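**Q** Next come a sequence and a model predicted from it.
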Amino acid sequence: MPTQKDRTKKTHAAEEAPAEVEETPTEEERSANPLDEVMSQAERAYAAYMDAERQVAKAYHENEMQVAKAYRRAQQQSDRAYASVVAKAMKEREEAIAKAAKAREVAIQEAEEAYNSSEQSASSACEAAIAEAASNRDSNIERAWQVRDETIEQAWQIYSKIAR
């Protein structure tokens, strides 16, 4: 009994074979020409072989197309993942730079405030030292004038006693 594969081959061979009018050979003709029977079987087998070869080539081609399509999908997915990672990294970099710039501004402002505070404190201390020095100077000059006046008064008193 012929298998499904054999029937398919015979069907394909019949489709591939030129359209000739086949007459059913009689028992006599079949036994009379065994070479023709073998040739006919060989032609059918060759036609089945050629059909199978075409089907295999078609299957290989379809497989190649599917592999190429899968490769393109994988490449596109990889490209999308790359673009996503790059965008995320760029965003994180921008955020880090902005954060650093803000921290820099805060540090500069704090440094300026500390400088201004130190300058004001130094100026206040300087002014206080100058005021104290001026006060001491004025006090010393006043005492010196008092000592001078007292000394002159004593000298006039001595002179007045002598001159009398």
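**A** Alright, I've got the coordinates.
**Q** ok, longest helix in this protein?
**A** Longest helix in the chain, counting residues (DSSP state H): helix 34-163.
**Q** now for that helix, which elements pack on it?
**A** helix 4-16 (3 or more C-beta pairs under 8 Å, 6 or more residues apart in numbering; DSSP states H and E). No exception for glycine: its C-beta is placed from N, CA and C like everyone else's.
**Q** and with 10 Å instead?
**A** With contacts taken as 3 or more C-beta pairs under 10 Å, 6 or more residues apart in numbering; DSSP states H and E, helix 34-163 sits against helix 4-16, helix 27-32.
**Q** which stretches of the protein have low pLDDT?
**A** 1-32, 164 (pLDDT under 70).
**Q** Recalculate using a threshold of 50.
**A** 1, 11-15, 17-21 (pLDDT under 50).
**Q** what residue lies at the spatial centre of it?
**A** By C-alpha atoms, centre = their mean, the chain has its centre lying nearest to residue 86, at 2.5 Å.
**Q** separation between that residue and residue 93?
**A** 10 Å (C-beta to C-beta, to the nearest Å).
**Q** now residue 34
**A** When distance is defined by C-beta to C-beta, residue 34 is 87 Å away from residue 93.
**Q** And for residue 69?
**A** 36 Å.
**Q** swap in residue 149?
**A** 82 Å.
**Q** Same check on residue 134?
**A** 60 Å.
**Q** what's the answer for residue 129, then?
**A** On the measure of C-beta to C-beta, residue 129 and residue 93 end up 52 Å apart.
**Q** for residue 114, same thing?
**A** In this view, residue 114 and residue 93 are 31 Å apart by C-beta to C-beta.
**Q** same deal with residue 71?
**A** 32 Å.
**Q** same deal with residue 115?
**A** On the measure of C-beta to C-beta, residue 115 and residue 93 end up 32 Å apart.
**Q** now residue 153
**A** Following C-beta to C-beta, the distance that separates residue 153 from residue 93 is 88 Å.
**Q** what's the answer for residue 101, then?
**A** Counting by C-beta to C-beta - residue 101 and residue 93 are separated by 12 Å.
**Q** Around residue 132, how many other residues sit close by?
**A** Residues lying near residue 132 (other C-beta atoms under 10 Å) number 10.
**Q** do the one 3 residues further on as well
**A** Close neighbours of residue 135, defined as other C-beta under 10 Å, add up to 10.
**Q** and what of the one 5 residues further on?
**A** The local packing of residue 140 (other C-beta under 10 Å) involves 10 other residues.
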